[in-house]
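**Student:** got a structure for you, letters missing:
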């Protein structure tokens with residue numbers, strides 16, 4: 001229901017949409033610069049990704065390196081990167097979730113991906 005029964009103030013709606021767009025861009029920039037870590041093998045392999053999922057670093061403890069068993073090392077690397085990406089997704093939900101709700105998340109508005 002629109003207060004007063006009139007048409008919505010288009011200028012006000014446009015200003016609100018522009019502010020939400022700026023807030024979303026700011027949150028995405030923060031995600032791109034924030035680093036999160038994941039690890040496997042009790043910390044033998046650690047992966048660092050940005051909040052947007054870009055792999056930035058991979059640290060492998062020399063104890064994890066066995067020339068006769070490279071499959072285990074590969075599994076540890078994959079597990080560490082997956083853990084880091086899961087942490088990045090959690091961070092994305094924390095940063096972007098409230099903005100998506102503000103943009104009509106779950107409202108079924110055509111054209112909005114949330």
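**Tutor:** Sure, I can see it. This structure is a prediction, so every number in the text was calculated from the model and none was measured.

**Student:** next one: the least confident helix or strand in the chain by mean pLDDT to chain centre, how far?
**Tutor:** Least confident helix or strand of the chain, by mean pLDDT, DSSP states H and E, is helix 10-33 with a mean of 86. Remark: helix 10-33 is offset 16 Å from the chain centroid, using C-alpha atoms, centre = their mean, to the nearest Å.

**Student:** Sheet-wise, list the partners of the next helix-or-strand element following it with their directions.
**Tutor:** Moving toward the C-terminus from helix 10-33, the next helix or strand (DSSP states H and E) is strand 35-40. Strand 35-40 has the following sheet partners, assigned by DSSP bridges: strand 45-50 (antiparallel).

**Student:** Output the contacting helices and strands for the next helix-or-strand element following the strand it pairs with.
**Tutor:** Counting by DSSP H and E, the next helix or strand C-terminal to strand 45-50 is strand 55-60. Contacts defined by 3 or more C-beta pairs under 8 Å, 6 or more residues apart in numbering; DSSP states H and E place strand 55-60 against strand 45-50, helix 70-102. C-betas here are computed from N, CA, C, even on glycine.

**Student:** Throw those into JSON lines and include mean neighbour count, distance to residue 23 and mean pLDDT, thanks.
**Tutor:** Formatted as JSON lines, the helices and strands packed on strand 55-60 follow (neighbours: other C-beta atoms under 10 Å; distance: least, C-beta to C-beta, whole Å; pLDDT from 0 to 100):
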{"stretch": "strand 45-50", "mean neighbour count": "22", "distance to residue 23": "19", "mean pLDDT": "94"}
{"stretch": "helix 70-102", "mean neighbour count": "16", "distance to residue 23": "6", "mean pLDDT": "88"}
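
**Student:** Of all those, which one comes closest to residue 38?
**Tutor:** Proximity to residue 38, assessed across the helices and strands packed on strand 55-60 by C-beta to C-beta, is greatest for helix 70-102 (2.8 Å).

**Student:** neighbours around the closest residue in space to residue 54 that isn't next to it in sequence, how many?
**Tutor:** In this structure, residue 54 finds its nearest non-sequential neighbour in residue 32, 7.4 Å apart by C-beta to C-beta, 6 or more residues apart in numbering. Residue 32 has 12 neighbouring residues, counting by other C-beta atoms under 10 Å.
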